[in-house]
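I'd like to go over a predicted model; first the sequence, then the structure.
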Amino acid sequence: MLAVKLAQAHTNARGFAHGGLISALADNAMGLSCAMQFTEARGLVTVNLSIDFLSVARIGQWLLFETSFTKVGGTLCFAQAFVTADGVACARANATFRATQ
């Protein structure tokens with residue numbers, strides 16, 4: 001799980017959380033979720049990232065990223081994230097990562 005309290009620096013010109021911020025934090029949170037599934041330390045590289053934006057998040061709200069791994073294979077790991085702004089669904093994401101040595 002990852003969280004950030006939204007400030008002006010996190011927003012776009014319309015005052016909403018920037019989609020790039022949500023994408024980057026979801027990617028990071030899902031990667032960390034997958035990394036915890038390996039018994040030895042491995043680097044992870046994002047192969048695919050998809051995001052569905054469901055609603056907006058505004059300055060002052062807590063943006064929460066709840067993640068879970070879906071499947072871990074020998075070299076690929078799959079994860080998903082659900083993003084909320086003060087408890088209201090804001091985005092959902094899926095990612096595939098390649099494990100490196």
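On my side now, so go ahead.

Is the spatially closest residue to V4 that is not a sequence neighbour in a helix, a strand, or coil?
Excluding the flanking residues, the one nearest V4 by CB to CB, 6 or more residues apart in numbering is L63, at 5.2 Å. In short, each C-beta sits where N, CA and C put it, glycine included. Secondary structure assignment for L63 (DSSP: H, G, I helix; E, B strand; the rest coil): strand.

Okay, helices next: where are they in this protein?
For the chain, applying DSSP state H gives helices covering 19-35.

What part of it, helix or strand, is modelled with the least confidence?
Least confident helix or strand of the chain, by mean pLDDT, DSSP states H and E, is strand 62-72 with a mean of 90.

Number of residues surrounding L64?
Residues near L64, counting by other CB atoms under 10 Å, number 19.

What's opposite it in the beta bridge?
Beta bridges link L64 to A3, T84, judged by DSSP bridges.

quick revisit: pretty sure the residue nearest to V4 contacts V88?
No. Contact criterion CB atoms under 8 Å: L63 and V88 do not qualify, at 10.6 Å.

Those two - which one has more neighbours?
L63 (23 against 12).

OK, contacts around that one?
Residues in contact with L63 (CB atoms under 8 Å, 6 or more residues apart in numbering) are 3-6, 10, 17, 22, 25, 57, 83-85, 90.

Type out the ChimeraX command that picks the buried ones from those.
Entered in ChimeraX, the line below selects the buried ones among the contacts of L63, by 16 or more other CB atoms under 10 Å:
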select :4,6,10,17,22,25,57,83,84,85,90
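
tell me which residues of the least confident helix or strand of the chain are tucked away?
Here strand 62-72 shows 63-65, 67, 69, 72 as buried, counting by 16+ other CB under 10 Å.

can you point me to the longest strand in this protein?
For the chain, the strand with the greatest residue count under DSSP state E is strand 88-100.

Any chance you could list what contacts it?
17, 22-23, 26-27, 30-31, 34, 38, 42-57, 63, 70, 74-84.

Weed out the non-buried ones from these.
For those, a burial check counting by 16+ other CB under 10 Å picks out 17, 22-23, 26-27, 30-31, 34, 42, 44, 49, 51, 53, 56-57, 63, 77-84.
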